[in-house]
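Peer 1: What follows is a protein structure lacking sequence information:
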């Protein structure tokens, strides 16, 4: 997995000012964070008189976390700092779960493609393997969307700002 964290600057002296700053500078849709991911795969095969069979699969997962970075945290009152820390920890846990779904999808692609058996032609093998990869990648995307629906984009897990 190749992961990178991109931060957008957040400022404010009150919870409401911080919220407004995240709304202005954060990802579209009034979300405080977002995780982009892409799963890709490649495979190698043997061609013999008995058909074409895959012997190795490699996957790559590219992850980009887009997260807020509070610029003036040290100047905030202690309670607001604690509220931010709780929110930020919950937000990171939520976004990490999105990455876990992508990594699990990559592992599933590897298992399923390796296990698919031989085909009469390598062209058919390639088509079938890529179909499997695309189906599993789409399943991973659906799981991420379902996770966001179930958690209300992390709010049910404590990723709520401003604090209630």
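Peer 2: Alright, I've got the coordinates. The structure presented is a predicted model; accordingly, all values stated were derived computationally and were not measured. Numbering: from 1, shown residues only.

Peer 1: Which stretches in the protein count as helices?
Peer 2: Counting by DSSP state H, the chain has helices at residues 15-25, 78-114, 122-151.

Peer 1: Mean pLDDT and distance to residue 45 for those - can I get that in JSON lines?
Peer 2: (Each C-beta comes from the backbone N, C-alpha and C, glycine too.) Output for the helices of the chain, formatted as JSON lines (pLDDT from 0 to 100; distance: least, CB to CB, whole Å):
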{"stretch": "helix 15-25", "mean pLDDT": "97", "distance to residue 45": "48"}
{"stretch": "helix 78-114", "mean pLDDT": "98", "distance to residue 45": "10"}
{"stretch": "helix 122-151", "mean pLDDT": "98", "distance to residue 45": "6"}
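
Peer 1: With distance to residue 71 added, can I get those helices in a markdown table?
Peer 2: Compiled in a markdown table, these are given as follows (distance: least, CB to CB, whole Å):
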| stretch | distance to residue 71 |
| --- | --- |
| helix 15-25 | 9 |
| helix 78-114 | 12 |
| helix 122-151 | 27 |
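
Peer 1: These into CSV, with extra columns for distance to residue 164 and mean neighbour count?
Peer 2: Shown next, in CSV, are the helices of the chain (distance: least, CB to CB, whole Å; neighbours: other CB atoms under 10 Å):
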stretch, distance to residue 164, mean neighbour count
helix 15-25, 10, 16
helix 78-114, 10, 17
helix 122-151, 16, 15
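
Peer 1: Residue 2: which of those is closest?
Peer 2: Nearest to residue 2, of all the helices of the chain, is helix 78-114, at 10.8 Å by CB to CB.

Peer 1: list the helices and strands that closest one packs on?
Peer 2: Contact partners of helix 78-114 among helices and strands, from 3 or more CB pairs under 8 Å, 6 or more residues apart in numbering; DSSP states H and E: helix 15-25, strand 34-48, strand 51-70, helix 122-151.
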